[in-house]
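Chemist: show me the folded form of this:
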Amino acid sequence: MKQAIVVRKDLKMSKGKCAAQVAHGAVEASLVTLKRDKRLLERWKEEGMKKVVLGVADLKELLELKNLAEKLGIVHYLVRDAGKTEVPAGTETALAIGPDEDEKIDLITGKLKAL
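Modeler: Just a heads-up that it's a prediction; the model follows:
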């Protein structure tokens with residue numbers, strides 16, 4: 001069980017901004033999972049709540065992953081920034097996928113490198 005959070009590298013966000021976007025995605029995707037399948041969230045929690053943070057080149061690649069997660073029926077959450085600091089309001093900064101079984105997450109993110 002794991003959760004993957006994918007971040008756009010083209011935005012060149014500071015480390016702190018990137019960490020905040022990752023946190024937003026992790027929390028929101030977890031809340032979606034809680035509503036959709038509480039047992040799945042409990043399994044992930046019991047196994048240590050593993051997370052990986054990965055990078056993509058740009059918005060196009062981020063949205064391709066989002067579409068694949070939708071197609072496979074895997075919980076995901078697209079993070080849109082509020083625009084108060086480094087990027088304009090509404091900028092899609094990150095995508096959280098899961099939590100779910102490693103194999104399912106890897107179908108979407110398996111070829112990506114750690115951020």
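Chemist: and the helices in this protein?
Modeler: Counting by DSSP state H, the chain has these helices, from start to end: 15-36, 38-46, 59-72, 102-109.
Chemist: residue 52: neighbouring residues, count only.
Modeler: 18 (other Cβ atoms under 10 Å). In short, each C-beta sits where N, CA and C put it, glycine included.
Chemist: how about it: what's its closest non-neighbour residue?
Modeler: Distances taken as Cβ to Cβ, 6 or more residues apart in numbering place residue 4 nearest to residue 52, at 5.0 Å, with adjacent residues excluded.
Chemist: give me every residue that touches the one you found.
Modeler: Contacts for residue 4 (Cβ atoms under 8 Å, 6 or more residues apart in numbering) come out as 51, 52, 53, 54, 96, 97, 98, 105, 108, 109, 112.
Chemist: what does residue 44 give?
Modeler: Here residue 44 is in contact with 1, 2, 3, 33, 50, 98, 99, 100 (criterion: Cβ under 8 Å, 6+ apart).
Chemist: and which of those is nearest residue 75?
Modeler: Residue 75 has its nearest neighbour among the contacts of residue 44 in residue 33, at 4.9 Å by Cβ to Cβ.
Chemist: how far away is the residue nearest in space to the middle of the chain from residue 105?
Modeler: Taking Cα atoms, centre = their mean as the criterion, residue 96 is the residue nearest the geometric centre of the chain, at 1.4 Å. With distances defined as Cβ to Cβ, to the nearest Å, the gap from residue 96 to residue 105 amounts to 11 Å.
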